[in-house]
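Student: With the input below, show me the fold.
(one chain, ligands or ions: 1)
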Amino acid sequence: MTSAASSTSGWEQHAACAGTPIELWYGPDERPESGHEAYWRRRHAKNICARCPVRTECLADELLQSRADQHGIRGGMTPREREQLLATWRRGGLIPAEKPPSSETVRTLLIQEVPSSSAS
Ligand code: SF4
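Tutor: Residues are numbered from 1 along each chain as shown. Sure thing, here's the model as predicted:
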């Protein structure tokens with residue numbers, strides 16, 4: 001895997017992260033990362049996501065993963081930010097509290113929420 005989007009079929013073919021170092025999305029594997037480094041790495045990754053033509057598709061796929069399977073920057077958000085988004089939707093009654101949301105619901109909500117071309 002050489003980028004955040006690991007598959008080469010479907011929307012992943014259009015991923016703006018294609019060809020970028022995997023460490024940019026998940027952090028370094030071989031050493032601890034300082035808070036300063038993590039901040040700038042995440043900011044760089046989010047800037048790439050902000051220009052990505054398949055951001056909504058990417059973020060929807062990640063939000064549909066179980067919490068334990070969510071890692072790294074995807075769709076312009078950290079795992080914590082994605083969890084906070086789901087929690088906000090649950091509190092607002094937009095998705096069920098006790099079971100995973102449907103793919104269709106998540107995609108509909110994201111189309112309303114994800115700005116098409118701004119950095120987060
Ligand atoms: S939104 Fe970000 S992580 Fe997702 S495919 Fe695009 S560049 Fe990669």
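
Student: For the rest of this, base every contact and every neighbour count on C-alpha atoms.
Tutor: Noted.

Student: hey, what's the residue nearest the centre of the chain bridged with?
Tutor: Residue closest to the average C-alpha location in the chain (Cα atoms, centre = their mean): Arg74, at 2.2 Å. Going by DSSP bridges, Arg74 is paired in beta bridges with Met77.

Student: Look through this structure and tell me its longest helix.
Tutor: helix 35-50 (DSSP state H).

Student: what does the following helix or strand past it contact?
Tutor: Following helix 35-50 in sequence order, the next helix or strand is helix 55-63 (DSSP states H and E). Here helix 55-63 makes contact (Cα atoms under 8 Å, 6 or more residues apart in numbering) with 5, 11-12, 15, 49, 70, 74-76, 82, 86, 103, 106-107, 110-111, 114.

Student: out of those, which touch the ligand?
Tutor: Ala5, Ala15, Cys49, Arg74, Gly75, Gly76 (Cα under 6 Å from any ligand atom).

Student: tell me which element Glu30 is part of?
Tutor: Going by DSSP H and E, Glu30 is not in any helix or strand.

Student: and the gap between Ala50 and Thr56?
Tutor: The gap separating Ala50 from Thr56 is 10 Å, by Cα to Cα, to the nearest Å.

Student: how about the residues of the protein near the ligand?
Tutor: 4-5, 15-17, 48-49, 52, 54-55, 58, 74-76.

Student: Please repeat the previous calculation with a cut-off of 5 Å.
Tutor: Ala4, Ala15, Ala16, Cys17, Cys49, Cys52, Arg55, Cys58, Arg74, Gly75 (Cα under 5 Å from any ligand atom).
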